[in-house]
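J.: Just to be clear, the model below is a prediction. Sequence and coordinates:
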Amino acid sequence: MNLDNGLKDIFVLRYSGECVFHHAYSQEDQIEPDQAIMSSFLSAIESFSSEVDKGTEILEMTESRFIYHRQNDFIYVARTNKTSNPDYFTRRLNHIASVVAVDLPEEWDGCTDAFRGVGNLIQDQFDEIDINKNFEITGKFAKNLDDNERKVYSLLRFKGRASIRNIAALMKISNEDAFDIANQLSQKELVLSY
């Protein structure tokens, strides 16, 4: 799988440094980092930064950026191009961690079955956005929406249907944000996509 959004690697680590999931996505890398060394390094950086501060969010290098997300004793790290938008990756790592958390037992016994579907989640979350994908409302009553969801829902009610490109242009937001908001509405079964 080759994703054209700047994603180079995804790591899922225990705080102890043990790697429970890793996949390289970039075909362009000159160097293939050793998984064990990278996992230990990324975990050590998080451990150190947690001792002196509140943890790591972003670690920048000359050409790469490491974006961290912590949840349920696990560290999710995306290695990206330095030019990639870190907020885009942070939101997606948060979603992946939330989905994985549903399958994790309260006391983790070392079984990595909960991480088996991470590759598919990553494909879903980081695959290139189809800006021509259309959305329209289902007619279901909308409640408990945040401001952005309410604006997109109102836009779709007014227009009848709109593509990601149209939503982004009309709301003056990025395609990624328009896609995220429309998908949130879709998960709440308030809009259909086609």
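T.: Alright, I've got the coordinates. Residues are numbered from 1 along each chain as shown.

J.: list the helices and strands the helix or strand of the chain with the lowest mean pLDDT packs on?
T.: Sorting the helices and strands of the chain by mean pLDDT, DSSP states H and E puts helix 118-126 at the bottom, at a mean of 75. Contacts defined by 3 or more Cβ pairs under 8 Å, 6 or more residues apart in numbering; DSSP states H and E place helix 118-126 against strand 7-14, strand 19-24, helix 86-103. To be clear about C-beta, it is placed using only N, CA and C from the backbone, and glycine gets the same treatment.

J.: Kindly reformat the ones you listed as TSV containing mean pLDDT and mean neighbour count.
T.: Formatted as TSV, these follow (pLDDT from 0 to 100; neighbours: other Cβ atoms under 10 Å):
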stretch	mean pLDDT	mean neighbour count
strand 7-14	90	22
strand 19-24	87	17
helix 86-103	86	17
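
J.: Adding distance to residue 181, write these out as JSON lines.
T.: Below are the helices and strands packed on helix 118-126 laid out as JSON lines (distance: least, Cβ to Cβ, whole Å):
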{"stretch": "strand 7-14", "distance to residue 181": "21"}
{"stretch": "strand 19-24", "distance to residue 181": "27"}
{"stretch": "helix 86-103", "distance to residue 181": "11"}
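
J.: thinking residue 95 is in contact with residue 126, fair?
T.: No - the criterion here is Cβ atoms under 8 Å, and residue 95 misses it with residue 126 at 10.5 Å.

J.: returning to what we had before: now do the least confident helix or strand of the chain against strand 19-24, angle only.
T.: Helix 118-126 and strand 19-24 are oriented at 50 degrees to each other (axes from the mean of the first three to the mean of the last three Cα atoms, to 10 degrees).

J.: buried sites along helix 118-126?
T.: 118, 121-122, 125-126 (16 or more other Cβ atoms under 10 Å).
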